[in-house]
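Peer 1: when you get a sec, could you give me coordinates for this:
(chains A and B)
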Amino acid sequence: MTRFILQRALWGILVVMSVVTLVFFLIFVAGDPAVTILGPQARAEQIADFKAKKGLDRPVSEQFLSYLGVVPCVRKDSPQFEQDDGTRGFCGILQGDLGESYSHHESVANVIGHRLPRTLLLAAMAVLFELIIGLTAGIVAALRRNRWTDTSIMFATFVGISLPTYVTGPIALLVFSFLLGWFPFGGYGIDPLDHVYHALLPSLILAVAGAATYARVMRGELIETLRHDHVRTAKAKGMPASQVVIRHAIRNALLPVATLIGLSLPFLVGGAIITEKIFAWPGLGLLTIESIESLDAPVIMAVVLMFGVAVQIGNLLADIAVAALDPRIRLDD
Amino acid sequence: MRSIRKTSALRPTHALGVAAAIAVAALAVGWIVTHFPHAPVGPRYIGAGNETARPGGTFIFAAGSNIHTLDPHFAYDTLSTAACRLLYDGLLDYDYDGEMIPSLAEALPEISEGGRVFRFRLRDGIKFHNGREITADDIAWSMHRLLSERIGSPGYPFFKSIEGAPAYHAGDTDRIEGIVVLDERSIEFRLDEADQTFLNALAMPFAYPLAREHVEQLETAEGVDAVGRHPIGAGPFAFSRWERGVQVEFERFEEYWAPAARPDKMVFLENISADVASARFRNGDLDIIYRPSKVNRLFLRESKAWAPYLAEAPSASVFALGLNCELPPFDNVHVRRAVAFALDRSKLERLDPGQVIAATQVLPPMLAPHDPELPSGQVFDLDRAKEEMRLAGFPDGLSEPVIVWVRGEGEVRVAQLFQQDLKAIGIEIELKLVTFATYLRETGRPRVAQAAFTGWHQDFPDPSNFMDILFHSRSIHPENSENRSFYRNPKLDRILDEARPETDRETRLALYAEANSILADDAPWAFLYYPVDMFAWQPYVKGFRPHPVWLNEYRHVWLDLPKQRVSQAIYEEAAR
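Peer 2: Numbering: from 1, shown residues only, chains lettered A, B, ... in the order given. Got it, this is the predicted structure:
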């Protein structure tokens, strides 16, 4: 298991580094961050000053290596640019320095520190809703197979999978917030309970497609499992039907669901980009959109780094979860 | 062969059941549609009926993106500026007619040495939010911070005419010679050469003074950016709290030098899109809305209930089709004029009713010397356009299509409107849709973009802010040109150089009027439209009117409390 995790971690680092390199150079192809940040009204002098301050007047290769932290700092506004002893230090990701946001006038770590917990709250609530609604619907559909309950649930899941967030989001806002007034009209609220209240509608919307997918997978797996010999044996031993389903069938049927959850974690954060925009939820998704629009390179890089790491961790967790649920799977094999 | 018995045939009883179910469902849908709550048609709340201004209450407004900083030395975007306007005051300000007025200064400055020296005297007893009185040293120290290389503020170019500012900015000297503190309340600014726009620069948020001890302590403890998160100014409201990306709150500063009845609290919501903000406003959750979404804008314009609480005002901006004067065919002035005459701008007014005014010249309507009767003004005249094409030597039109750079779907829509107009004079256009970042980089380079959609919003209300930056040959550079049409006219340069330092207002306006006419006639830009801003406020919000300079100016509002909820039926009855 340890060897497997180490191998996967090394592989993950390689993948993340490749993505980081690619995105770093893509930003420079997309446009000039200094020009974009300062906007269409910027004077040539302002642009030159900004570039000098952020090290954007240095060759791109030097900027990249400085960003990684393998050559001395090129950012004049970093304390590392001129240390107390007059030498130039390092200010890259290897030193844990994500740089300073171009548009927020503060460190990227601070900016992300504000936004990440909000997105995690949304994602956590969405996973919760996905599991509660998806698994319940899947189990009910499997147990009531080919009856109207099953047909209705499967029809609903079909609709759920087909409807994108940018359709369901505004409709939900219009109906449940504007007309019925049951939920707040977007935003984040101002204290912890208020945050959860504000997260209810966006997390439900974010959970729709996931819940529908889980319901379909759960139904299929459970129907399949219920046909297995060990379930028949349990029934034959006189075990109550509910116990058979809970103890023998559901646990086995959960295997592919666990993999799906692991794989979907990063996409929940990614999918939150659209949901956050619609519901004015000021999390990482909204930050990503803003940063890309304004070419706030340090923030884009940090977000890419985080998403990359999240995907790798999600995949790893899925593998580990599957192994824990299924004793036949040995990760070191 | 055995016959197959049909087992799924609908029996009569089943058919009746299905029909009954459909009927019940239809009835249910009908009931829901009838009884579903309707969107409010008029304001949900009205005021208590007080005639005189009263303090108290919380005023809530919203914007579609983030406030980036509350440090005025970095506030170069609309929202940061709006927030800084609550927190800080400067030496100078503008009234609701766009005229310059003293603010922290007790009067407009004494001007001497042919417009090179400006002497200010501070009002007595003005305090920062930490209770300390402001002195001339604070003004001088703040200007040094603003112009230092260490800070790297985007405000530097506006103040580089101060004697010694460039050397200080480059780190060659440790003080700016041209900023002289005369006594505790008097300060003098000496410029390298006369420049009337220096006063406009001093009225920008960049020049708002900060409390030195507070800034130094914060910068030492948390770095330069901390000032933007824990601001202390001398404005009508003090900083209270900021949930980043969500909302920032301010509370009334009781020791403000110009006491007035103001709300106890101002709440500025961030990241609320126009759709959401419009719905919240109509629900009574926002006190004012600026630039509602298009659907809501049309609704509000048509609504009788909202009519008393609406204002529309042209924005201090101009949008245009920029024509590259270095590249064929627009190196020929007749082709440029032909384009300017060929565009039927009334189509835009029909497409977005109430949202735009057809543009005839570079200066927007509220900025002197805008002239609605300008003889060289650009108007739709197909015959003159064809005549100009003939004079240009293209009586049958151009053989090659012109490539027009556009930045987004909105501009594509506008460009498509004009495609037919240009075709009528034999100019085919092809649209090149690029990202904003690419657009900015490439259109700032000479000889790249033949034509591009472009625009300008004033930094301060002075014609030089449009003409010097956009059309003076000094603004052409190998990269990042401000003059993106690469227009060079020695005569225009001379007029602009003469007008900038001119102290006599009438002479100055006459010079800019001449420049305005030249630009309309030479058509480096084919002017398209001036956007119109819409504001709507709740009936209990008093004292608001659009400001000609500051976009979100809520310093003078007061709330007529307690507000009372009214039934929507009164509007429905009135409509009937």
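Peer 1: where's B:Arg190, which helix or strand?
Peer 2: strand B:186-190 (DSSP states H and E).
Peer 1: give me the helices and strands touching the helix or strand following that strand, please.
Peer 2: Later in the chain than strand B:186-190, the nearest helix or strand by DSSP H and E is helix B:197-202. The contact analysis (3 or more Cβ pairs under 8 Å, 6 or more residues apart in numbering or on different chains; DSSP states H and E) places helix B:197-202 against strand B:117-121, helix B:156-159, helix B:464-471. For the C-beta atoms, the positions are set from N, CA and C on the backbone; glycine is no exception.
Peer 1: least confident of the ones you listed, on average?
Peer 2: Here the helices and strands packed on helix B:197-202 differ in mean pLDDT, and the lowest is helix B:156-159 at a mean of 92.
Peer 1: need the residues that contact that helix.
Peer 2: With contact meaning Cβ atoms under 8 Å, 6 or more residues apart in numbering or on different chains, helix B:156-159 is reached by A:43, A:45-46, A:49, B:143, B:146-147, B:165, B:169, B:198, B:201, B:204, B:206-207, B:459.
Peer 1: closest to B:Ala510 among those residues?
Peer 2: B:Ala510 lies nearest to B:Phe198 out of those, by Cβ to Cβ, at 20.9 Å.
Peer 1: contacts only, for the closest one.
Peer 2: Neighbouring residues of B:Phe198 by Cβ under 8 Å, 6+ apart: B:118, B:159, B:161-162, B:189, B:191.
Peer 1: sec struct for B:Leu321, please.
Peer 2: Following DSSP: H, G, I helix; E, B strand; the rest coil, we place B:Leu321 in the strand state.
Peer 1: any idea which element B:Met534 lies in?
Peer 2: In the assignment (DSSP H and E), B:Met534 maps to strand B:525-537.
Peer 1: please disregard the earlier target; I meant B:Glu430.
Peer 2: If you go by DSSP H and E, B:Glu430 is part of strand B:429-433.
Peer 1: for the longest helix that chain B contains, the averaged confidence score.
Peer 2: Ranked by residue count, the top helix of chain B under DSSP state H comes out as helix B:12-35. What helix B:12-35 shows for mean pLDDT is 82.
Peer 1: repeat for stretch A:29-39
Peer 2: 83.
Peer 1: span of that stretch from start to end?
Peer 2: Across stretch A:29-39, the terminal residues are separated by 18 Å (Cα to Cα, to the nearest Å).
Peer 1: with stretch B:456-466 instead?
Peer 2: Distance between the two ends of stretch B:456-466: 7 Å, counting by Cα to Cα.
Peer 1: how about stretch B:219-236?
Peer 2: From its first residue to its last, stretch B:219-236 covers 24 Å (Cα to Cα).
Peer 1: B:Leu365: how many residues sit nearby?
Peer 2: That one is not Leu; residue B:365 is Pro. By the measure other Cβ atoms under 10 Å in any protein chain shown, the count of residues near B:Pro365 is 18.
Peer 1: please, where are all the strands along the stretch 1-150 of chain B?
Peer 2: Using DSSP state E, counting those that start in this stretch, the strands of the stretch 1-150 of chain B run over B:45-46, B:58-62, B:92-94, B:100-102, B:110-112, B:117-121.
Peer 1: so which of those strands gets nearest chain A?
Peer 2: Distance to chain A, taken as Cβ to the nearest Cβ, is lowest for strand B:58-62 among these, at 9.0 Å.
Peer 1: contacts for that closest one, please.
Peer 2: With contacts defined as Cβ under 8 Å, 6+ apart, strand B:58-62 is touched by B:263-270, B:272, B:277, B:280, B:285-290, B:541, B:552, B:554, B:557, B:559.
Peer 1: buried subset of these as a PyMOL selection?
Peer 2: This is how PyMOL selects the buried members of the contacts of strand B:58-62, with burial counted by 16 or more other Cβ atoms under 10 Å in any protein chain shown:
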select buried, chain B and resi 263+265+266+267+268+269+270+272+277+280+285+286+287+288+289+290+541+552+554+557+559
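Peer 1: show me the contacts of strand B:58-62 that map onto strands.
Peer 2: B:265-269, B:288-290, B:541, B:559 (DSSP state E).
Peer 1: so which of those residues reach chain A?
Peer 2: Filtering those for proximity to chain A by Cβ under 8 Å from any Cβ of the partner chain leaves B:Leu269.
Peer 1: and the closest residue to chain A within the stretch 401-550 of chain B, how many neighbours?
Peer 2: Using Cβ to the nearest Cβ, the single residue of the stretch 401-550 of chain B nearest to chain A is B:Ala437, 2.3 Å away. Residues near B:Ala437, counting by other Cβ under 10 Å, number 22.
Peer 1: which ones are touching it?
Peer 2: A:30-33, A:35-36, A:295.
Peer 1: tell me what the helix-or-strand element of chain A with minimal mean pLDDT is packed against?
Peer 2: Averaged element by element with mean pLDDT, DSSP states H and E, chain A has its least confident helix or strand at helix A:251-278 (a mean of 77). For helix A:251-278, the packing partners by 3+ Cβ pairs under 8 Å, 6+ apart come out as helix A:108-143, helix A:165-172, helix A:192-226, helix A:284-294, helix A:297-325.
Peer 1: many thanks, we can stop here.
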